[in-house]
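[1] Give me coordinates for this.
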Amino acid sequence: MFKKYRAIRTGLAMAAAIIMTSNLAVADELPSTNFKYVGTWGSLSLFKKVEKPFWTKTILDKSNGAIKVEVQPFTEMGLKGGEILRLLRSGVFEMSATLLSYVGGEIPEAEAIDLAGITRNIDEAHNISDAYKPVLADVFQKKFGVKLLAIIPYHAQIAYCKKPISSIEDFKGLKVRTSGRSQGDMIAALGGVPVGLAFGEVVPALEKGVVDCAITGALSGNLAKWHQASTHLYPLPVSWAITFVAANQKFWDGLDPAVQKFLISELDVWEDSAWESGRSDTADGISCNTGGKCKDGNVAGMTLIPVKQDDYKKMKEIMANVVVPKWAERCGSECAARWNETVGKIVNLSVSTK
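    Next up, the predicted model:
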């Protein structure tokens, strides 16, 4: 099944390349278009390496200067990320991005492709994202009047701990910062205590003992200097902090059709490149944190805890028996049925629709 989706993506990439070539020939014909894009965390790699260069340079260059995008991260606006969907719906934002887990309370379907423990590598995460994307697009449009444009990842969400651990079982009794309901369900099932904290509140929480461990991206935590308040890095990929990019539907509908077509073709290519960035950032973050080669982060001296096969097995069991069933209860029978027909087929799991 994974090979099938990789083959589909390869074909789409080839088609996109053909479209790109065509776009070059008609770029001069694109009408002058200006809009604002509100990106993710301004201090982290997704914004710096993926979002900002795409909107400020790639789109400008490929459109021969016809499309100009003003870009600003939501962190510079005093936002935490959970407000993005509502601001898109109201038309305050024209186009923006945030983590799917941040809006899971409003749209349970948003959790569907990044449930804790559902994948063990980024290729699996990419495959299920591709499979579920049409479902999510439909839900976003019908419930919020928002057009889904892309699904992109940060990188592996792993644990930074200030106490020595040796396996997934050692989360028992520990207070662990989690992001999203499913991560909390995973930690609770392991006997730990999930603690909801905003990303920017984690370092002081670790320093003061409010939490013993905290889950975030391999490179994100490093860039935010979580290594200064923790000692052990446990690189079991709990999830991938998958992020959506969307536009207010009325704003999108008001764009010239030629601009819409151009943006969609460029977004398709960009989306795949973002997944490759997630792969490299995962490796770079782990290496930076543990004293290895470091490209984009800060060299640190954390102790790397090897992930055992039994850890993956335990995580999968909790995902299948606790995380997914609890999510399905929140999402409802119709939602569960659509998940079974898309993500479920890829991960070989079926959840009850009763």
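
[2] Enumerate the positions of stretch 219-235 that are buried.
    219-224, 226-227, 229-230, 232-235 (16 or more other C-beta atoms under 10 Å). Every residue, glycine included, has its C-beta placed from N, CA and C.

[3] So for that stretch, mean pLDDT?
    Averaged across stretch 219-235, pLDDT comes to 97.

[4] try stretch 298-305
    So the average pLDDT for stretch 298-305 ends up being 97.

[5] contacting residues around it?
    Under the contact criterion C-beta atoms under 8 Å, 6 or more residues apart in numbering, stretch 298-305 has outside partners 160, 164-166, 222-223, 225, 227-228, 230-235, 286, 288-291.

[6] Same question for stretch 37-56.
    Residues from elsewhere that reach stretch 37-56 (C-beta under 8 Å, 6+ apart): 69-77, 81, 84, 87, 93-99, 152, 154-155, 199, 217, 219-220, 223-224, 243, 266, 270, 273-274, 277, 281, 296.

[7] Pull out the buried residues from these.
    Among these, those buried by neighbour count (16+ other C-beta under 10 Å) are 69, 71, 73-75, 81, 84, 87, 93-99, 152, 154-155, 199, 217, 219-220, 223-224, 243, 266, 270, 274, 277, 281.

[8] Which of the residues you listed fall in strands?
    69, 71, 73, 95-99, 152, 217, 243 (DSSP state E).

[9] Which of the residues you listed sits closest to Asp185?
    Proximity of these to Asp185 (C-beta to C-beta) peaks at Leu99, which lies at 16.9 Å.

[10] dump the residue contacts of the closest one.
    Leu99 makes contacts with 40, 81, 154, 179-180, 241-243, as judged by C-beta under 8 Å, 6+ apart.

[11] what's the farthest-apart pair in those residues?
    Between all members of those, the farthest pair (by C-beta to C-beta) comes out as Thr40 and Gly180, at 15.3 Å.

[12] how about the strands in the stretch 51-200 of the chain?
    67-73, 95-99, 146-152, 157-161, 175-178, 193-196 (DSSP state E, counting those that start in this stretch).

[13] Neighbouring strands - and their directions - for the third one?
    Each strand pairing with strand 146-152, determined using DSSP bridges, is listed with its direction: strand 243-248 (antiparallel).

[14] quick check: mean pLDDT across the strand it pairs with?
    98.

[15] Walk me through the domains of this protein.
    Per the record, the chain has its domains at 2-155+240-282, 157-239+291-347, by automatic domain parsing.

[16] Isn't Ile165 up against Tyr234?
    Yes: between Ile165 and Tyr234 a contact is recorded at 5.9 Å, counting by C-beta atoms under 8 Å.

[17] Find residues that contact each of these two.
    The contact lists of Ile165 and Tyr234 share 159, 213, 305, where a contact means C-beta under 8 Å, 6+ apart.

[18] Return the entry from those with the maximum number of neighbours.
    Neighbours here are counted as other C-beta atoms under 10 Å. On that basis the top member of the shared contacts of Ile165 and Tyr234 is Ala159, with 27 neighbours.

[19] Got the phi and psi for the residue lying closest to it once chain neighbours are set aside?
    Nearest residue to Ala159 in three dimensions, chain neighbours excluded: Tyr234, at 4.2 Å (C-beta to C-beta, 6 or more residues apart in numbering). Phi and psi for Tyr234, reported as degrees, to the nearest 10, are phi -120, psi 100.

[20] Could you pull up the contacting residues of Tyr234?
    Here Tyr234 is in contact with 158-159, 161, 165, 213, 305, 307 (criterion: C-beta under 8 Å, 6+ apart).

[21] where's it relative to Asp61, distance?
    41 Å (C-beta to C-beta, to the nearest Å).

[22] try Lys36
    Taking C-beta to C-beta, one finds Lys36 at 19 Å from Asp61.

[23] quick one: which of those two has more around it?
    Lys36 (14 against 11).

[24] beta partners for the more buried one?
    Lys36 forms beta bridges with Glu70, as assigned by DSSP bridges.

[25] ok, it touching Gly91?
    No: if you go by C-beta under 8 Å, Lys36 and Gly91 don't touch, sitting 11.8 Å apart.

[26] if I pick the most centrally placed residue in the chain, what's in contact with it?
    A centroid search over the chain (C-alpha atoms, centre = their mean) returns Ile242, at 1.4 Å, as the residue closest to the centre. Applying C-beta under 8 Å, 6+ apart to Ile242 gives the contacts 99-101, 113-114, 125, 129, 151-154.

[27] Report how many residues lie close to the nearest residue to it once chain neighbours are set aside.
    Nearest residue to Ile242, sequence neighbours excluded (C-beta to C-beta, 6+ apart): Asp114, at 4.3 Å. By other C-beta under 10 Å, the residues close to Asp114 number 29.

[28] Look up how far Thr353 lies from Asp114.
    From Asp114 across to Thr353, the span is 21 Å (C-beta to C-beta).

[29] swap in Thr290?
    In terms of C-beta to C-beta, Thr290 sits 44 Å off from Thr353.

[30] ok, the two, which is more surrounded?
    Using other C-beta under 10 Å, the more surrounded residue of Thr290 and Thr353 is Thr290, with 20 against 14.
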